[in-house]
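Novice: Sequence first, then the predicted structure, then my questions.
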Amino acid sequence: MNQYLQAKKGEFTKAIDFFKKDIASLRTGRANLAILEGVQVEAYGTKNSLSSLSSLSVSDVKSLVISPWDKNIMKDVEKAIVAANLGVGVVNEGDKIRITVPAMTEENRRELVKRLNEKMEKSRITIRQTRDEIKEAIAKGEGEKEISEDDKFRFMKELDEEVGRANEELKNIRDKKEEEIMTI
């Protein structure tokens, strides 16, 4: 494998991993703790992640339960969840907060698929930018006589194959997530 591709190959993996993490928070009509990942609670004078202040669990297919360790911050936790605008129902039960995930309408599902496609496109742009950087490095290497013209074409072919694999993996992940979203 060529040294130019080897040096930047991790960038492709990072883009794919970021995409996986980014789409985990998209609702699929089922209760999933990933939707709470980005929720920040203003408590004790600073912003804290919800998971650092409470116990999170899935009680059934349509609801999550949040049990703050300090009951004095219950209102702060509830306020943070409402402010996060997750499209879920929030009920304060005194000692815990129950979040109900509403059934998704066809319109909700289509909107989520649209957001999923936007997120995939951002990841594909990252992959393209990395590809362009590698192409420039290969061209520069040939220009400075570090590699031969044959090596340049071979390296470019290997790069195109690697980019193709990365894009195919993104597409497979997206297709799987779209199926989860569209399944009733």
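Specialist: That came in fine, so what should we check first?

Novice: Quick check: mean pLDDT of the longest helix belonging to the chain?
Specialist: Using DSSP state H to define each element, the chain has its longest helix at helix 106-143. Averaged over helix 106-143, pLDDT sits at 90.

Novice: quick one: secondary structure of residue 26?
Specialist: coil (DSSP: H, G, I helix; E, B strand; the rest coil).

Novice: which stretches of the chain form helices?
Specialist: Counting by DSSP H, the helices of the chain are 3-24, 50-53, 74-83, 106-143, 149-182.

Novice: What about residue 89, how many residues nearby?
Specialist: 12 (other Cβ atoms under 10 Å). C-beta: built from backbone N, CA, C; applies to glycine.

Novice: In space, what's closest to it - neighbours in sequence excluded?
Specialist: Leaving aside its sequence neighbours, residue 89 sits nearest to residue 100 (Cβ to Cβ, 6 or more residues apart in numbering; 4.0 Å).

Novice: before we move on, what about residue 30?
Specialist: That would be residue 61: by Cβ to Cβ, 6+ apart, it lies 5.5 Å from residue 30.

Novice: Can you pull the domain assignment for the chain?
Specialist: 3-25+105-182, 33-100 (automatic domain parsing).

Novice: where among these is the average confidence lowest?
Specialist: The bottom spot among the domains of the chain, by mean pLDDT, belongs to domain 33-100, with a mean of 85.

Novice: start to end distance for it?
Specialist: End-to-end distance of domain 33-100: 12 Å, with Cα to Cα, to the nearest Å as the criterion.

Novice: repeat for stretch 101-112
Specialist: Start-to-end span of stretch 101-112 (Cα to Cα) is 15 Å.
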